[in-house]
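**Q** Just a sequence and a predicted model for now, questions to come.
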Amino acid sequence: MNEYDSNRIRNALDAEATDNPAEADIIIINTCAIRDKADQKAFSSLGKYKHLKSNNPGLIVGISGCVAQLYGEKLLERMPYLDFVLGPRAIPRLPELIKTIENEKQRTVETSYDIEELFDIEPYHSPGKVTAFVSVQQGCNKRCSYCIVPRVRGDEINRPLGDILRETRNLVDKGVREVTFIGQTVNSWKENGYKFGDLLRAAANVENLERIRFTTSYPRDITSRMIEAVRDVPKVCRHIHLPVQSGSNAVLGKMKRTYTREWYSDIVKRLRDAAPDMAVSTDIIVGYPGETERDFEDTMSLLEEIQFDSAFSFKFSPRPGTTAAACPAEETVDEETSGRRLSLLQTFQRDVTMRKNRARVGQVEEVLAEGPSKNDPGILTGRTSHNRITHFRGAGTLSGRVLRVRITEGLFNSLRGELSV
Ligand code: 5AD
């Protein structure tokens with residue numbers, strides 16, 4: 001989502017981008033507030049650009065994204081060298097904002113939610129890139145107790161079907177072969193009686209588009225209509241990212257996730273019944289306030305039961321204004337305990353992921369070649385339908401083609417293979 005927003009910012013400005021901060025006229029740090037660490041990163045990277053102002057007094061330094069939305073005005077107080085603060089929903093206002101700063105020499109905060117042109121600015125697309133994100137939804141209507149997203153990105157707004165298809169077609173005309181639909185709870189997308197499954201089917205009709213991915217799905221919003229679309233539409237990749245967060249019903253209840261462990265398992269079973277080789281990845285939070293050893297064991301047993309292809313796991317991080325951050329002090333899980341739980345979980349999952357990746361050895365997979373790998377121009381990088389990164393020897397001219405690749409090695413984060421005939 002942030003990568004998409006950064007590219008929208010780049011297009012909104014209609015300016016040339018540079019990798020060298022010393023020659024920039026405008027520097028914008030686009031930020032994430034999901035966990036404390038991300039939020040700290042924003043402040044330390046801003047500090048790095050402070051000194052550039054003494055050499056270039058005309059330099060404009062701004063902060064955008066969720067940290068900007070969260071702290072607003074306070075950021076200007078805290079950082080005297082900062083010129084503007086721009087919330088994630090206000091990106092279309094950026095050109096005006098820059099004009100105001102240039103003409104009126106006024107420091108500005110723009111964090112309004114109700115911007116009509118919400119989806120009007122489409123992201124910058126690097127020439128030659130064969131994959132792209134397409135935003136189908138902004139904001140979130142869920143109220144998970146730990147999550148800051150609804151506060152900083154506002155309520156859910158769904159993008160009209162026609163707009164999504166138009167952006168997809170434009171991308172395909174530029175050489176894109178795979179789109180990933182993005183939204184905070186992407187599968188809750190609906191518009192004018194159309195549901196997410198209909199969006200998948202409609203997108204599949206876009207000519208020369210080879211693949212469709214989507215992220216992130218919310219378990220409770222998976223419907224039969226969606227499962228059927230995933231099953232029936234060959235362009236839809238065999239991967240779903242489906243955050244479970246915890247395997248303990250007590251913790252899931254406190255998190256306000258609106259499903260139980262059993263319900264989640266059943267949904268995964270239905271997905272796998274419909275599309276037997278479906279890869280499933282997830283997100284997990286350990287050390288949620290009040291999480292007992294027993295609760296944590298429930299999470300471990302869920303990982304064992306489901307056998308996720310991969311899992312992203314995090315220590316609970318209290319976020320300002322969320323109900324979970326206001327829990328009584330005695331419920332806090334200490335750092336040592338959550339650190340130990342995280343490491344146990346990651347060790348366990350590593351084995352499962354390794355085993356699953358190694359099981360691909362000898363199989364022929366369809367891989368969309370995305371381009372030469374950074375370290376070796378003779379090696380192509382791509383992804384299997386299951387979202388496994390795959391490296392194999394091949395010419396750069398094959399980029400953008402779906403190729404048959406025989407897998408020769410399974411690593412933790414990727415596969416290796418060779419072109420097969
Ligand atoms: N603390 C830790 N992890 C969090 N996530 C969201 N909010 C928090 C928080 N306060 C994790 C969830 C989510 C992923 C994007 O980040 O697992 O799915």
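**A** Ah, there it is. Predicted model only: the values in this text are computed from it and were never measured.
**Q** For the host helix or strand of L70, give me every contacting residue.
**A** Counting by DSSP states H and E, the element that carries L70 is helix 66-71. For helix 66-71, the external contacting residues (Cβ atoms under 8 Å, 6 or more residues apart in numbering) are 31-34, 38-39, 42-43, 75, 78, 85-89, 111, 148-149, 151-153, 320. The C-beta positions use only the backbone N, C-alpha and C, and glycine is treated the same way.
**Q** pLDDT averaged over stretch 246-261, what's the number?
**A** Computed over stretch 246-261, the mean pLDDT rounds to 98.
**Q** From start to finish, how long is that stretch in a straight line?
**A** One end of stretch 246-261 to the other measures 8 Å (Cα to Cα, to the nearest Å).
**Q** hmm, who's touching it?
**A** By Cβ under 8 Å, 6+ apart, stretch 246-261 touches 142-146, 219-220, 244-245, 267, 284-285, 288-291, 294-296, 298-303, 324.
**Q** Identify those among these that sit within helices.
**A** 267, 294-296, 298-303 (DSSP state H).
**Q** out of these, who's nearest the ligand?
**A** T299 (11.9 Å; Cβ to the nearest ligand atom).
**Q** who's in contact with the closest one?
**A** Neighbours of T299 in contact, by Cβ under 8 Å, 6+ apart: 246-248, 251, 284, 286, 345.
**Q** pLDDT-wise, which helix or strand of this protein ranks last?
**A** helix 36-47 (a mean of 85; mean pLDDT, DSSP states H and E).
**Q** chain center to that one: distance?
**A** With Cα atoms, centre = their mean, to the nearest Å as the basis, helix 36-47 stands 19 Å off its chain's centre.
**Q** May I see the buried residues of it?
**A** 38-39, 42-43, 46 (16 or more other Cβ atoms under 10 Å).
**Q** which bits of the chain sit near the ligand?
**A** By the rule Cβ under 6 Å from any ligand atom, the part of the chain lying against the ligand is 34-35, 146-147, 243, 245, 283, 285, 314, 316-317, 319.
**Q** Drop the exposed ones from those and show what's left.
**A** 34-35, 146-147, 243, 245, 285, 314, 316-317, 319.
**Q** just those residues now: which is nearest V333?
**A** Nearest to V333, judged by Cβ to Cβ, of those is F316 at 7.0 Å.
**Q** Spit out the contact partners of the closest one.
**A** Applying Cβ under 8 Å, 6+ apart, the residues near F316 are 146, 285-289, 291, 324, 333, 338.
**Q** Format those as JSON lines; extra columns: pLDDT.
**A** Shown next, in JSON lines, are the contacts of F316 (pLDDT from 0 to 100):
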{"residue": "Y146", "pLDDT": "98"}
{"residue": "I285", "pLDDT": "98"}
{"residue": "V286", "pLDDT": "98"}
{"residue": "G287", "pLDDT": "98"}
{"residue": "Y288", "pLDDT": "98"}
{"residue": "P289", "pLDDT": "98"}
{"residue": "E291", "pLDDT": "98"}
{"residue": "A324", "pLDDT": "98"}
{"residue": "V333", "pLDDT": "98"}
{"residue": "S338", "pLDDT": "98"}
